[in-house]
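**Q** need a 3D model of the following:
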Amino acid sequence: MSLLPRAYREGGLLTWRYLLPLVWLNLIWLALSWTLVLAGPATLASYALIATTMREDREPDLRLFPSLLRHNLLPGLLWCLTVAVFAFLMYSNLVFWRRLLGNFGDALVSLLALYLSWLFVALQPYLLEALSVQRLSYRRAWQAALLGLVRTPVSAHLYVLIPLLVVLLAFFFRTFGLVILVSIALTFAAVQVRPITEQPEPAEPEPAELAESESSDSAGQLPRP
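**A** Numbers count the residues shown, from 1 in each chain. Here you go, the predicted structure:
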């Protein structure tokens, strides 16, 4: 297990700890995303809930979701529009240049489009963090995302394997994809940006403190007649 990247280990740990809340969160995301307009805000709100509760080792409160959705309405719309524009540009340029160039140019353009798409996905955890948790402006959020990618280039590129696996699982097991896969991808994205903050367990009282507490309790009791 130690050979796996940290984000893989901690993402799996959070998924195991909070499986039921992640299922409910995924169903909420799915219901809102049917409108298409709310797909972006629902994604940012889901990420913010995971990052501010589960990643901090706290039980998530789904009652916070409406307020998170409201705060991420505009950033979520801009984020969703950016994803749509990027996908359109990649597809249109790939079709255009593949028709214009020969076989060598075709292969070169395809490789370039593949890497740009991989890079775009690798940026998303840092962009979601900057938009939904740090609540930066859209321009500053992109700057923060690029800086995060530069700081951890290897793990950021390895993270892309998680969304790819999610897409494959959703293709072969559609019910499974509808139930939990989006929230799992967001969970791995959250720990890609920052590790889990383990909350300290309450310290057990020392034997001397226990004896003192028992003696004070017995001294405070009134004698029976």
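
**Q** pass me the low-pLDDT residue ranges in the protein, would you?
**A** Filtered on pLDDT under 70, the chain yields the residue ranges 1-2, 102, 177, 201-225.

**Q** what are the buried residues along the lengthiest helix in it?
**A** Assignment by DSSP state H gives helix 73-100 as the longest helix of the chain. Within helix 73-100, the residues that count as buried by 16 or more other Cβ atoms under 10 Å are Leu73, Pro75, Gly76, Leu77, Leu78, Trp79, Cys80, Val83, Met90, Leu94, Trp97, Arg98. C-beta here means a position set from N, CA and C on the backbone, and glycine is covered the same way.

**Q** and the closest residue to the second one other than its chain neighbours, how many neighbours?
**A** Of all residues beyond its chain neighbours, the one nearest Pro75 is Leu131 (4.4 Å), with distances taken as Cβ to Cβ, 6 or more residues apart in numbering. When neighbours are counted by other Cβ atoms under 10 Å, Leu131 registers 28.

**Q** contacting residues for Leu131?
**A** Leu44, Asn72, Pro75, Gly76, Trp79, Tyr138, Ala141 (Cβ atoms under 8 Å, 6 or more residues apart in numbering).

**Q** export the residues you listed as CSV, with columns for distance to Ala185.
**A** Converted to CSV, those look like this (distance: Cβ to Cβ, whole Å):
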residue, distance to Ala185
Leu44, 14
Asn72, 17
Pro75, 19
Gly76, 16
Trp79, 15
Tyr138, 22
Ala141, 19
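
**Q** let me know the closest of those residues to Val182.
**A** Leu44 (12.5 Å; Cβ to Cβ).

**Q** secondary structure element for the closest residue to Ile162 other than its chain neighbours?
**A** Using Cβ to Cβ, 6+ apart and skipping residues adjacent in sequence, the residue nearest Ile162 is Phe188, 4.6 Å away. Assigned by DSSP states H and E, Phe188 belongs to helix 182-193.

**Q** and that helix, what does it pack onto?
**A** helix 6-17, helix 19-33, helix 39-49, helix 103-128, helix 153-159, helix 161-172 (3 or more Cβ pairs under 8 Å, 6 or more residues apart in numbering; DSSP states H and E).

**Q** now flag whichever of the buried residues of helix 73-100 is closest to Ile50.
**A** Closest to Ile50, out of all of these and judged by Cβ to Cβ, is Gly76, at 14.9 Å.

**Q** how about the closest one, what does it touch?
**A** Leu38, Ala39, Gly40, Pro41, Ala42, Thr43, Leu44, Ala45, Leu131 are the contacts of Gly76 under Cβ under 8 Å, 6+ apart.
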